[in-house]
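# give the three-dimensional model of this entry:
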Amino acid sequence: MADIPLTGYRALDLTSLYMGPFCTRMLADYGADVIKIEPVSGDPARDEGPFFHDENHPEKSGLFLHLNVNKRSMTTNIETAQGQNIIRELAKSSDIVVESFKPGYLENLGLGYEDLVKINPKIIVTSVTNFGQTGPYKNWEGTDLTLYAMGASMKTSGQEHKYPLKIAGRIASFQTGNLAATATALAIWNRELTGAPEHVDVSFFETWKGAIDRSTNDLVAYSYTKESAKRQWNPGMGIANGVFRCKDGYFHISAAGAIRFPRLMKMIGKGKDLIHPPWNNPNALNRPETLELFDSFFIPWMLEHTKTDLRNMCQEQGVLGAPINTIEDLLNDPHYIQRGYWHEIEHPETGSVKYPGFPFKLHATPNPERVRAPLLGEHTNDILQNELKYSNDEIQALQAQGVI
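Residues are numbered from 1 along each chain as shown. Prediction:
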């Protein structure tokens with residue numbers, strides 16, 4: 001069996017929280033040896049929930065556990081001279097450094113791209129920041145919320161006639177991390193071809209502005225109407241369009257229009273009514289009185305059926321519809337189970353837990369078994385002693401000085 005694509009490459013992970021760790025998790029998933037350099041107090045993500053069984057514990061953060069599988073953890077205070085020397089020594093034998101500090105921070109410590117390329121002429125440094133390494137915004141603070149808004153995506157999300165709203169979660173941060181991993185892989189390929197080092201400058205702001213998420217539909221709508229679109233994600237989108245309650249949760253239906261609406265009416269046993277008003281008049285379908293009449297029989301019908309029933313009926317009748325899945329639904333989804341998406345990973349603090357799997361499969365080089373996220377500083381002594389050849393006395397001195 002061939003090695004997976006990044007086997008033999010080493011990456012130093014000098015990132016925290018979301019964007020950078022997602023980038024390095026992608027690299028680790030596909031074979032890279034990722035050494036996560038954490039401050040002595042740990043990655044701040046260790047203090048963010050959700051927590052396993054709601055117990056606030058640095059080794060039980062679901063966020064940290066998800067983003068840091070397949071990595072090794074080493075604690076290092078990089079603001080000390082000894083800590084900086086450790087990073088330089090590791091950089092000599094590394095292929096990649098991924099960092100998410102403010103522009104100029106590592107340069108002030110003598111650990112910037114120009115410093116590292118002097119000690120490793122083939123190094124790839126990927127900097128993942130809010131606004132990039134240059135420009136008038138480069139030192140601005142930002143969050144997933146504010147950068148989502150500044151990238152213009154919030155203009156088209158939320159309810160019509162109300163203020164814009166951000167999509168929940170950290171989707172923008174993870175997309176930025178995913179792009180950073182892709183850009184890093186391209187830099188690796190270019191180095192294989194040319195031998196040249198690279199500084200990959202990833203801007204959250206620019207990544208999300210260029211994201212295709214909803215943009216295609218909005219651009220098409222604008223080209224015809226000259227008005228900015230506002231996507232509605234709530235009930236009330238018109239007849240047979242929106243989220244509806246069903247027997248065991250919620251189900252999304254998108255069945256308006258001359259082709260899809262008759263299919264839906266047949267599915268719910270109202271096909272014969274299509275020859276009678278108001279159902280035979282497309283212009284009358286979205287009138288308030290028609291909507292009220294439709295809801296009077298459609299909503300009770302939905303409440304009689306489960307999400308699985310509805311999904312199967314939609315598939316049979318060619319109706320656009322999908323269940324609003326919960327996490328439990330996804331864990332038990334037969335498609336995920338058959339494809340082996342969920343991975344059981346044992347952890348000393350949580351026991352065996354199911355983790356999301358790989359975002360794509362490589363059939364010629366099957367994905368490896370995942371290794372749990374590391375405990376804080378779990379591999380510090382091993383790396384120092386076995387890879388950098390520090391003595392026990394030197395390691396104890398570093399611990400006493402708060403360097404590790």
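# my read is Met74 is in a helix, agree?
No: according to DSSP: H, G, I helix; E, B strand; the rest coil, the state of Met74 is strand, so it is not within a helix.
# burial count for the closest residue to it other than its chain neighbours?
Spatial nearest neighbour of Met74, excluding adjacent residues (CB to CB, 6 or more residues apart in numbering): Thr380 at 4.6 Å. Quick note: C-beta positions are derived from backbone N, CA and C, even for glycine. Neighbour count of Thr380, defined by other CB atoms under 10 Å: 24.
# any idea how far Thr380 lies from His343?
Relative to His343, Thr380 is positioned 26 Å away (CB to CB, to the nearest Å).
# how about Pro359?
For Pro359 relative to His343 (CB to CB), the value is 13 Å.
# which one's more surrounded, the two?
Neighbours were counted for Pro359 and for His343 using other CB under 10 Å; His343 has more, 15 against 9.
# the more buried one pairs with what?
Tyr355 (DSSP bridges).
# do I have it right that it meets Gly357?
Yes: counting by CB atoms under 8 Å, Gly357 is a contact partner of His343 at 5.4 Å.
# wait, Glu378 touches Lys71, no?
No: using CB under 8 Å, Glu378 is not in contact with Lys71; the gap is 9.9 Å.
# comparing those two, which residue is more hemmed in?
Between Glu378 and Lys71, counted using other CB under 10 Å, the more crowded position is Lys71 (25 against 19).
# contacting residues around that one?
By CB atoms under 8 Å, 6 or more residues apart in numbering, Lys71 lies in contact with 13, 24-25, 28, 34-36, 373-374.
# hey, what's it bridged with?
Taking DSSP bridges, one obtains Val34 as the residues bridged to Lys71.
# how many other residues sit next to the residue lying closest to Ala32 once chain neighbours are set aside?
Nearest residue to Ala32, sequence neighbours excluded (CB to CB, 6+ apart): Leu6, at 4.1 Å. Using other CB under 10 Å, Leu6 is surrounded by 22 other residues.
# quick one: the helices in the stretch 251-400 of the chain?
Assigned by DSSP state H, counting those that start in this stretch, the stretch 251-400 of the chain shows helices spanning 260-267, 288-303, 307-317, 327-331, 334-338, 380-382, 392-400.
# low-confidence ranges, the stretch 201-350 of the chain, go.
210-238 (pLDDT under 70).
# touching, the residue nearest to Met74 and Ser73? I think so.
Yes: between Thr380 and Ser73 a contact is recorded at 7.5 Å, counting by CB under 8 Å.
# about what we covered before: part of a strand, is the residue nearest to Ala32?
No: counting by three-state DSSP, Leu6 falls outside a strand, being coil.
# residue contacts, the most centrally placed residue in the chain?
Geometric centre of the chain, nearest residue: Phe174, 3.2 Å, by CA atoms, centre = their mean. Neighbouring residues of Phe174 by CB under 8 Å, 6+ apart: 18-19, 22.
# return the subset of the residues you listed lying in helices.
Among the contacts of Phe174, DSSP state H puts 19, 22 in helices.
# mind putting the contacts of Phe174 into TSV with distance to Asn280, neighbour count and pLDDT?
Formatted as TSV, the contacts of Phe174 follow (distance: CB to CB, whole Å; neighbours: other CB atoms under 10 Å; pLDDT from 0 to 100):
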residue	distance to Asn280	neighbour count	pLDDT
Tyr18	53	23	95
Met19	54	29	96
Phe22	52	24	97
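# quick one: which of the contacts of Phe174 is nearest Ser296?
Within the contacts of Phe174, the smallest distance to Ser296 is 45.9 Å, found for Tyr18 (CB to CB).
# is that closest one in contact with Arg170, as I believe?
Yes: judged on CB under 8 Å, Tyr18 makes contact with Arg170 at a distance of 5.3 Å.
# now for the two: what residues contact both?
Asp144.
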